[in-house]
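Trainee: Structure of the sequence below:
(one chain, ligands or ions: 1)
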Amino acid sequence: MRDDTRQWIEADKRHAWHPFTPQDAWTDPAHEPLVIVRGEGPWLWDSEGRRYLDGNSSIWTNIHGHAHPSINAAIRDQLGRIAHSSYLGFAHPLAGELAEKLCSFFPAGTLERVFFSDDGSTAIEVAMKMSLQFRMQTGHAERRGFIAFADGYHGDTLGAASLGGVSRFFERFRGMGPEVGFVRSVEELETKDPAGINAVVIEPLIQGVNEMRPWPAGMLRALRAWCDRHGVLLILDEVMTGFGRTGTLFACQREGVIPDFLCVAKGLTGGYLPMAATLTTGRIYDAFRGPAENAFYYGHSFTANPLGCAAALASLSLFESERVLEKLPAKADHLAGLLSRLQADRDEVVDVRQCGLVAGIELRTGLGAEVCLKARDHGLLTRPIRDTLVLMPPLCVETEHLDLAVDAIRSAIRSLPPAAELR
Ligand SMILES: *Cc1c(COP(=O)(O)O)cnc(C)c1O
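Mentor: Next comes the predicted model:
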């Protein structure tokens, strides 16, 4: 190990605290974390000069690859003017342009207002608070309850976490946030009394943190119909599915569904900077007009950060100039072929699940972490969720990169010691 790598790791282990991480295992002297120092396209390099395919798009954020010349140039250009200015009390040139651009993807008269925040969790918080205040200001303060889906994930701030159904993360905080009921399907929702319900929240088309589980086709449309029948608002969490991951720019477009709130974050800036947006309708917006006390008193210091806006606009224009969505079906089909061959070849693969360029490869119990670690030796970097390997590369991958990724997993499985196979 190089001296600088060793120093970086020592400082990290002495003073930093990692997300979702049991720190004793992290700081164990035997644990040698990779130090990522550079990226280009779908590739990452560590401080020892080793190259890896970014198999989970740097925790589901990257869209067009790393260090893309036009996103870098847009950020640099904005940096030469100003890095940050207040959006409280002032405007800047790019936020309005970005808001207009985001609304342009939806039919006129539907999603037409954009509230900016910082990350997926805050985009969800905004939708929660906005929907509750909307009820207070439209004569239905009794509609305070939320419905979320079992095993769903919506972020880690206390409000967003209360919608989370992944019990190992959220159970200890139950009852400390808003009222939330959980269901597993639209059929189960139909058994609920809608009277006190404010909004339903869902990850459309596929649940991410729940080991990449797609919903049945048509489910989202059925959910929208139930909400409409009962006057319940629909919040779509497209923090993971947004910006082409599932094949369309937004997952909801696959089923022609327009929500009351659409939350985006991770890929909004192409994955370059932390920024989020909550889109909503004119109907919601109108309830916050009139007297000053009707306003939505909410915001963060870095709301509508200009560097983030510059990156987001550059990322969105790449969808057009590089015809990203047109190229996705061939890539997704290629991946589907690779995954079904992998499953046919290897008994260790229990199930494969895929939606667009998002895939989960479920392995036999106990194999997830080990296969992921071994896949590094074959040039693939990703993380498992329990025993499901996540394969969610940047949309700029070519078929040969997908070949490399699945070959790396196959080689990693093949190299398991016999003892692991017995577990
Ligand atoms: C990652 C994620 C979030 C939380 O986003 P952060 O930026 O990590 O706060 C919320 N919802 C979904 C579906 C996610 O995948």
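
Trainee: Kindly give the local confidence score, pLDDT, for the closest residue to the ligand within the stretch 251-400 of the chain.
Mentor: At 4.7 Å from the ligand, Ala265 is the closest residue in the stretch 251-400 of the chain, using C-beta to the nearest ligand atom. Bear in mind the C-beta positions are built from the backbone N, C-alpha and C, glycine included. Ala265 carries a pLDDT score of 98 in this model.

Trainee: Repeat that for the one 4 residues further on.
Mentor: As summarised for this prediction, Thr269 has a pLDDT of 98.

Trainee: Equivalent analysis for Gly175, please.
Mentor: So Gly175 comes in at 76 (pLDDT).

Trainee: That one: neighbouring residues, count only.
Mentor: With neighbours defined by other C-beta atoms under 10 Å, the count for Gly175 comes to 7.

Trainee: Correct me if wrong, but it is in a strand.
Mentor: No - counting by DSSP: H, G, I helix; E, B strand; the rest coil, Gly175 is not part of a strand but coil.

Trainee: Three-state assignment for the residue nearest the centre of the chain, please.
Mentor: The structure's the chain has its C-alpha centroid closest to Met240; by C-alpha atoms, centre = their mean the separation is 2.2 Å. Three-state assignment for Met240 (three-state DSSP): coil.

Trainee: same question, Asn198
Mentor: Taken by three-state DSSP, the conformation at Asn198 corresponds to strand.

Trainee: Report pLDDT for it.
Mentor: Note on Asn198: pLDDT of 98.

Trainee: and the stretch 51-200 of the chain, which of its residues are near the ligand?
Mentor: Neighbours of the ligand within the stretch 51-200 of the chain, by C-beta under 6 Å from any ligand atom: 60, 119-121, 153-155.

Trainee: Tell me which of these fall in helices.
Mentor: 60, 120-121 (DSSP state H).

Trainee: Buried only: go through those for me.
Mentor: Among those, those classed as buried by 16 or more other C-beta atoms under 10 Å are 60, 120-121.

Trainee: Closest one of these to the ligand?
Mentor: Gly120 (2.0 Å).

Trainee: Give me the neighbour count for Leu273.
Mentor: The number of residues near Leu273, taken as other C-beta under 10 Å, comes to 19.

Trainee: Spatially nearest residue to it (excluding sequence neighbours)?
Mentor: Leaving aside its sequence neighbours, Leu273 sits nearest to Gly308 (C-beta to C-beta, 6 or more residues apart in numbering; 4.4 Å).

Trainee: Same question for Arg81.
Mentor: Pro306 (7.6 Å).

Trainee: Tell me the buried residues in stretch 350-357?
Mentor: Applying 16+ other C-beta under 10 Å to stretch 350-357 flags 352-357 as buried.

Trainee: Which members of those occur in strands, if any?
Mentor: 352-355 (DSSP state E).

Trainee: filter those down to the ones close to the ligand.
Mentor: Near the ligand, judged by C-beta under 6 Å from any ligand atom, there are no entries from those.

Trainee: Closest one of those to Arg414?
Mentor: Nearest to Arg414 out of those is Val352 (C-beta to C-beta; 17.2 Å).

Trainee: ok, now which ones touch the closest one?
Mentor: 339-340, 342-343, 359-362 (C-beta atoms under 8 Å, 6 or more residues apart in numbering).
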